[in-house]
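Enquirer: generate coordinates for the sequence data below:
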Amino acid sequence: MSRPPNYEFQEWWNKQRANVNNNNNETELFISAPSISSSSSSSENPSFLTVEINTPKGADRTAEKERSRSARQLSWIYLLKFQQIANSLAFLTNGFISILRTANRRVAMASNQTSHRQSKLYRIIKAFLIVVVTLLVIELVAYYRGWHFSPPTVDAAEVVDLVEYLYAKWLEIRVNYLAPPLQGLTNVCIVLFMVQSVDRVILVLGCAWIRFRGLKPVAQMEYSSEEIESASANLEDYPMVLVQIPMCNEREVYQQSIAAVCIQDWPRERMLVQILDDSDDLDVQALIKADVQKWQQRGVPIIYRHRLVRTGYKAGNLKSAMNCDYVKEYEFVAIFDADFQPAPDFLKKTIPYFKGNDDLALVQTRWSFVNKDENLLTRLQNINLAFHFEVEQQVNGWFINFFGFNGTAGVWRIKALEDCGGWLERTTVEDMDIAVRAHLCGWKFIYLNDVKCLCELPESYEAYKKQQHRWHSGPMQLFRLCFFDILHSKVSLLKKANMIFLFFLLRKLILPFYSFTLFCIILPLTMFLPEAQLPAWVVCYIPGFMSILNILPAPQSFPFIVPYLLFENTMSVTKFNAMVSGLFQLGSSYEWIVTKKLGRSSEADLVAIVENESEPLVRSNALHRSSSESGLAELNKLEMTKKMGKVKRNRLYRKELGLAFILLTASVRSLLSAQGIHFYFLLFQGVTFLAVGLDLIGEQVS
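Expert: From the prediction side, this is the model:
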């Protein structure tokens, strides 16, 4: 029996539906079940189940607005991200195209230049590159055939094709004949690497001990900081000092060096300045003569010397100057290269250490660089030289009273120079030569880390490379000449061992040998001969730790620790080539090329020095004005000559480019083998070699 219809509920339901249709502010969810009736229709006899859910007013519209706003924001975010990605890709593409254009220009320029004879090392690198590329092709074929999962063997029972047989034969040769000698050479280089690392750690610990204890040389006397007046000062307290400035075609920097020496706070009666000019450029000679005459007019005892026959390079120049008769009147000689600017109190801070130390031959001061932040190349040089002076020179000077003379910014006792034979023209490192001979004669050295002398770093890779070639070929040349002299000398056995094994072999021969052999030859080969393994701690961890130690004396350079590590490995090819040429007396072992400088502080600083420091030296205002005007006129002439000079261009370095392609090829092989650390090291090291080979580091002049 059916239920009677409920007309009141039906009327209420119709009103609710009308409100929903009019306002659209409510949402209703109906769950209906078909009515059960016996004879009447559903409209006449409705029977259903209804569930009603009401939402607050305005909620639906708010949610809809939020959904629409989020979609618009999302579209803008994706659009901005797309734009950033497009800009990044455009930047990388433009950079890559720029590098390709630069490389193309420099390759074309190198091909247009007069062809020079290829060095033996470059021919070896080319042959090595061909071998590496061939091995990569073989490994790519094996990789795509799946042989890296299951290598074929010659003794396999199944029938194989010719390619598979050749690859199996190659694996047999690789395992039995090539990998064992390569692993042996690897082990030898690892041992040398560890010995050199231990030596570096000992030097750092020695430097830390010196700083912790506050150890430094102490002079028995001090000069007054007041300016010297020749009338009131006791001249007997000031020994006779000869100041020498050897130079050769130093157009950009001669003025700053002469000015800095001429304003030394030392009695004029007790000092003589020698300008030892070996220039073959007549214009440069005229400029230097004019500058010397200007200072002579101001009462400075300064003379100009020019040799007619230029033999022996810097050593011959210094030897010729020391043969003058008036040198016998002087007790000490201070030497400055043409780009060095000693402070006015330099002599007052160095000469007192000789008093009471009759066996002291040399007082060496530290270098400080006016352009260390000029570019990436100068920053990396500053890291290297900061460690050399802060750690090596200071530790050796304090504990064994011996180190290599740096050739400049030092004061020698003339008696010690004469006792050890004077300047000799037999090597390109005359400074190291005379230091070794003086040490073998029993003389002692002192290093002053707190006395700094301003100088300039080479800003172009070409100049830096030539400097490093001379600095690393000369020591090996000297080692050949003085080896038996060291053995027959009267110094103690400990000093002989230190000079032979540490000073020469470990730091001058072993270091460039293992760094080049290990990271430029062995590491790429181990990618193609995986049976010979080079551990990851040799590739990454120990070099990283050593780089941290090297950078400690220059903590502001910590952001450049990775470029420093990569660049030092890149320079190993130059140092290795120089070491071999010096050791075996090859053609370039006695090549001396003056390191070109840009004179970063020559023009403006010179005028400031003249105006601020020359007042006590002049006799009248008229002379002061004429001298200043003369100096400015010479500066203008110098600028005009610079502009008319030969246009400099960046170069292309073939050895570095060859090694770049070798390392990048090995990185591809490492990628196939999924070797993480080796791959990243080879990739970044190859890119560094490529940048250096294209001369993209340092000063860009074209």
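
Enquirer: just checking, what packs against the lengthiest strand in the chain?
Expert: Longest strand in the chain, counting residues (DSSP state E): strand 444-455. When contacts are defined as 3 or more CB pairs under 8 Å, 6 or more residues apart in numbering; DSSP states H and E, strand 444-455 sits against helix 346-350, strand 360-369, helix 394-399, helix 430-440. C-betas here are computed from N, CA, C, even on glycine.

Enquirer: ranges for the helices of the stretch 151-300 of the chain?
Expert: Applying DSSP state H, counting those that start in this stretch to the stretch 151-300 of the chain gives helices spanning 162-173, 179-213, 254-262, 282-297.

Enquirer: the longest one versus helix 162-173: what angle between them?
Expert: Relative orientation of helix 179-213 versus helix 162-173 (axes from the mean of the first three to the mean of the last three CA atoms, to 10 degrees): 50 degrees.

Enquirer: name the residues of helix 179-213 that come out as buried.
Expert: The neighbour-count check on helix 179-213 (16 or more other CB atoms under 10 Å) flags 179, 182-183, 185-186, 189-190, 192-193, 196, 199-200, 203-204, 206-207, 210 as buried.

Enquirer: so what does it touch, helix or strand wise?
Expert: Here helix 179-213 touches helix 394-399, helix 511-516, helix 523-528, helix 542-551, going by 3+ CB pairs under 8 Å, 6+ apart.

Enquirer: any idea which helix or strand carries the closest residue to residue 163 other than its chain neighbours?
Expert: The shortest distance from residue 163 to any non-neighbouring residue, by CB to CB, 6 or more residues apart in numbering, is to residue 141 (7.1 Å). Using DSSP states H and E, residue 141 sits in helix 120-144.

Enquirer: could you check the angle that helix makes with helix 162-173?
Expert: Angle of helix 120-144 versus helix 162-173, following the same axes, to 10 degrees, is 120 degrees.

Enquirer: quick check: the closest residue in space to residue 491 that isn't next to it in sequence vs residue 172, distance?
Expert: Using CB to CB, 6+ apart and skipping residues adjacent in sequence, the residue nearest residue 491 is residue 440, 5.9 Å away. As judged by CB to CB, to the nearest Å, residue 440 and residue 172 stand 56 Å apart.

Enquirer: on that earlier part again, list the buried residues for the helix holding residue 141?
Expert: Here helix 120-144 shows 121-122, 125-126, 128-129, 132, 135-136, 138-139, 142 as buried, counting by 16+ other CB under 10 Å.

Enquirer: so what does that helix touch, helix or strand wise?
Expert: Using 3+ CB pairs under 8 Å, 6+ apart, helix 120-144 sits against helix 162-173, helix 523-528, helix 561-583, helix 654-672.

Enquirer: ok now the second one, how far from the chain's centre?
Expert: For helix 523-528, the gap between its own C-alpha mean and the chain's C-alpha mean amounts to 26 Å (CA atoms, centre = their mean, to the nearest Å).

Enquirer: please pull up the helix or strand immediately following that helix.
Expert: Once helix 523-528 ends, the next helix or strand along the chain (criterion: DSSP H and E) is helix 536.

Enquirer: tally of neighbours for residue 559?
Expert: Number of residues near residue 559 (other CB atoms under 10 Å) recorded here: 10.

Enquirer: same check, this time on residue 501
Expert: Residue 501 sits with 14 neighbouring residues when counted by other CB under 10 Å.

Enquirer: part of a helix, is it?
Expert: Yes: membership of residue 501 in a helix is supported by DSSP: H, G, I helix; E, B strand; the rest coil.

Enquirer: for residue 246, see how far away it is.
Expert: As judged by CB to CB, residue 501 and residue 246 stand 32 Å apart.

Enquirer: swap in residue 167?
Expert: Using CB to CB, we find residue 167 at a distance of 63 Å from residue 246.

Enquirer: the one residue sitting closest to the centre of the chain sits in which helix or strand?
Expert: Nearest residue to the geometric centre of the chain (CA atoms, centre = their mean): residue 380, 2.7 Å. Element membership for residue 380 (DSSP H and E) is helix 376-387.

Enquirer: could you name the helices and strands sitting against that helix?
Expert: By 3+ CB pairs under 8 Å, 6+ apart, helix 376-387 packs against strand 360-369, helix 461-488, helix 542-551, helix 561-583.

Enquirer: list the buried ones in that helix?
Expert: Buried-residue list, helix 376-387, by 16+ other CB under 10 Å: 377-387.

Enquirer: now tell me what touches it from outside.
Expert: 367, 369, 371-373, 457-461, 464, 550-554, 557, 560, 563-564, 567-568, 697-699 (CB atoms under 8 Å, 6 or more residues apart in numbering).

Enquirer: please repeat the previous calculation with a cut-off of 7 Å.
Expert: Here helix 376-387 makes contact (CB atoms under 7 Å, 6 or more residues apart in numbering) with 367, 369, 371-373, 457, 459, 461, 464, 550-551, 553-554, 557, 560, 563-564, 567, 697-698.

Enquirer: check stretch 556-564 too.
Expert: In contact with stretch 556-564 (CB under 7 Å, 6+ apart) are residues 376, 379-380, 382-383, 547-548, 551.

Enquirer: what's the answer for stretch 672-686, then?
Expert: 139, 143, 519, 523, 527, 530, 536, 539-540, 566, 569, 660, 663-664, 666-667, 670-671.

Enquirer: how far does stretch 437-455 sit from the chain's center?
Expert: Relative to its chain's centre, stretch 437-455 lies at 25 Å (CA atoms, centre = their mean).

Enquirer: which parts of it are buried?
Expert: Residues of stretch 437-455 classed as buried: 437-440, 443-449, 451-455 (neighbour count, 16+ other CB under 10 Å).

Enquirer: just to revisit the earlier point, same list (the helices and strands packed on helix 120-144) but as JSON lines, adding mean pLDDT, distance to residue 89 and mean neighbour count.
Expert: Putting the helices and strands packed on helix 120-144 into JSON lines (pLDDT from 0 to 100; distance: least, CB to CB, whole Å; neighbours: other CB atoms under 10 Å) gives the following:
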{"stretch": "helix 162-173", "mean pLDDT": "88", "distance to residue 89": "39", "mean neighbour count": "15"}
{"stretch": "helix 523-528", "mean pLDDT": "94", "distance to residue 89": "30", "mean neighbour count": "24"}
{"stretch": "helix 561-583", "mean pLDDT": "94", "distance to residue 89": "25", "mean neighbour count": "22"}
{"stretch": "helix 654-672", "mean pLDDT": "94", "distance to residue 89": "22", "mean neighbour count": "22"}
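
Enquirer: and of the ones you listed, who's closest to residue 488?
Expert: Checking the helices and strands packed on helix 120-144 against residue 488 by CB to CB gives helix 561-583 as the closest, at 21.1 Å.

Enquirer: tell me the angle that closest one makes with helix 542-551.
Expert: Put simply, helix 561-583 runs at 90 degrees to helix 542-551, going by the same axes, to 10 degrees.

Enquirer: low pLDDT regions in this protein?
Expert: For the chain, applying pLDDT under 70 flags the ranges 1-70, 99, 102-117, 156-160, 225-233, 588-589, 592, 597-648, 700-702.

Enquirer: again, only this time at 80
Expert: Residue ranges of the chain with pLDDT under 80: 1-75, 92, 95-118, 148-150, 152-161, 224-234, 587-650, 674-676, 699-702.
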